[in-house]
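**Student:** mind looking at a prediction? Sequence and model below.
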Amino acid sequence: MNARRLLVGRLVVLGLAMCSSFTLAQDTNTAAAVSPGLDQNLALKLSHEALGRTIGEHALLDREGRPVRLADFRGKPLLVSFIYTGCFQVCPATTKLLQKAVRDAQETLGTNNFRVISIGFNQPADSPQALKSYARQYGISEANWEFLSPSAASVADLARDFGFSYVPTAAGFDHVLQVTVVDADSKIYRQVYGDQFTPEQLTEPLRQLINRAPISDTTNFADLVERVRILCSVYDPLTGKYRVSYGLAFEIAGGITFLAWILWFFGNEWWARRRVTRQLRT
């Protein structure tokens, strides 16, 4: 009888131990699948360390499923954002905010002076078709804005290049809210954070990059006018837009007038002396 009780007791202990082991395994697997959240300090550190980094070529697909490479976007400043199409709050809100900033920048800098891309990082869900539907749903129709889909295998390397951090959660993803400003040589120039950034936080670095770009010998008059318009614009906090600074334009005009007067004065003096010299010789 005692031996039977002892055997039953051992079986109960063994069963409890097996249940405990099973529960622990379940908890461990759940923890591996769903992160408790993003380490904000580490994420910002990685994002900041990306400044000055040259972005790799990286193969992606556009909304029509056509292959493109990030190297194809070289030659002009570039704005880059990371989104996932399954997000129904933060990503759409930041995308619409980015759209407002892009439209303001187009008014000031011109439509063809910079480009924008949004990259869907949740693969394979963020397919070209999903990104196409996302852009249509939220009214993104700007000519210089493309939505790109990387392969699942390349997402980690792509995110690392841009200093973009994300982790899966029960609700979707925790990720850094950032728009990356890339120069014409594919180097990261600025990181703009948050979901409440102002348009000038993107327009100003774009203008800096455009103004630093060399003016080729084939630049036409319209391009020169566009460059002057960019140089003479200032941000108006009351309207939230850039406007032409006529004061600066008058200063430039005054400087040109003064230079022309100096040239006329010295030219007139030189001609008068030459005329006197001729008279003395005769």
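**Tutor:** Ah, there it is. Numbers count the residues shown, from 1 in each chain.

**Student:** count of residues packed around the residue nearest to Val182 when sequence neighbours are not counted?
**Tutor:** Nearest residue to Val182, sequence neighbours excluded (CB to CB, 6 or more residues apart in numbering): Leu78, at 4.2 Å. C-beta coordinates here come from the backbone N, C-alpha and C atoms, glycine included. Counted with other CB atoms under 10 Å, the neighbours of Leu78 add up to 24.

**Student:** state the phi and psi torsions of Leu78.
**Tutor:** Taking degrees, to the nearest 10, you get phi -140, psi 140 for the backbone angles of Leu78.

**Student:** do you have the strands of the chain handy? List them.
**Tutor:** Ranges of strands in the chain, per DSSP state E, are 59-61, 67-69, 78-83, 115-120, 145-150, 166-169, 172-175, 178-182, 188-193, 233-236, 241-244.

**Student:** Arg136 is nearest to which of these?
**Tutor:** Of all the strands of the chain, the one in closest proximity to Arg136, counting by CB to CB, is strand 145-150 (10.1 Å).

**Student:** mind listing the helices for the protein?
**Tutor:** 2-33, 40-49, 90-109, 128-137, 155-162, 200-212, 221-231, 246-281 (DSSP state H).

**Student:** comparing the ones you listed, which yields the minimum mean pLDDT?
**Tutor:** With a mean of 37, helix 2-33 has the lowest mean pLDDT of the helices of the chain.

**Student:** doesn't Tyr138 make contact with Pro92?
**Tutor:** Yes - the criterion here is CB atoms under 8 Å, and Pro92 meets it with Tyr138 at 5.6 Å.

**Student:** residues in contact with His58?
**Tutor:** The contact partners of His58, by CB atoms under 8 Å, 6 or more residues apart in numbering, come to Arg69, Leu70, Pro150, Ser154, Asp157, Leu158, Asp161.

**Student:** go with 6 Å
**Tutor:** Going by CB atoms under 6 Å, 6 or more residues apart in numbering, His58 touches Leu70, Leu158.

**Student:** any idea how far it lies from Asp72?
**Tutor:** His58 sits 10 Å away from Asp72, going by CB to CB, to the nearest Å.

**Student:** repeat that for Cys87.
**Tutor:** From Cys87 to Asp72 the distance is 27 Å (CB to CB).

**Student:** quick one: which of those two has more around it?
**Tutor:** Per other CB under 10 Å, whichever of Cys87 and Asp72 has more neighbours is Cys87, with 18 against 13.

**Student:** spatially nearest residue to the more buried one (excluding sequence neighbours)?
**Tutor:** With CB to CB, 6+ apart, the residue lying closest to Cys87 is Gly172, at 5.9 Å.

**Student:** and that neighbour, how many neighbours?
**Tutor:** By the criterion of other CB under 10 Å, Gly172 has 16 neighbours.

**Student:** cool, Asp161 as well?
**Tutor:** 19.

**Student:** that one and Ala50 touch, don't they?
**Tutor:** No - counting by CB atoms under 6 Å, Asp161 sits too far from Ala50 to count as a contact (7.2 Å).

**Student:** hey, least reliable of the strands of the chain by pLDDT?
**Tutor:** Among the strands of the chain, strand 233-236 carries the lowest mean pLDDT (a mean of 47).

**Student:** show me the contacts for Ile188.
**Tutor:** Ala50, Leu51, Arg53, Thr180, Val182.

**Student:** distance check, it against Ala101.
**Tutor:** 18 Å.

**Student:** now swap in Phe73 and tell me
**Tutor:** Distance from Phe73 to Ala101, by CB to CB: 18 Å.

**Student:** okay, those two: which has more neighbours?
**Tutor:** Ala101 (23 against 20).

**Student:** distance check, that one against Arg66.
**Tutor:** 27 Å.

**Student:** number of nearby residues for the closest residue to Thr180 other than its chain neighbours?
**Tutor:** Spatially, and ignoring its direct neighbours in sequence, Thr180 is nearest to Val80 (4.4 Å; CB to CB, 6+ apart). Neighbour count of Val80, defined by other CB under 10 Å: 23.

**Student:** use 440 as the first number from now on
**Tutor:** Sure, I'll start counting at 440 from here, so that last one is Val519.

**Student:** thought Val519 was touching Val618?
**Tutor:** No - Val519 sits out of contact with Val618 when judged by CB under 6 Å, with a separation of 7.0 Å.
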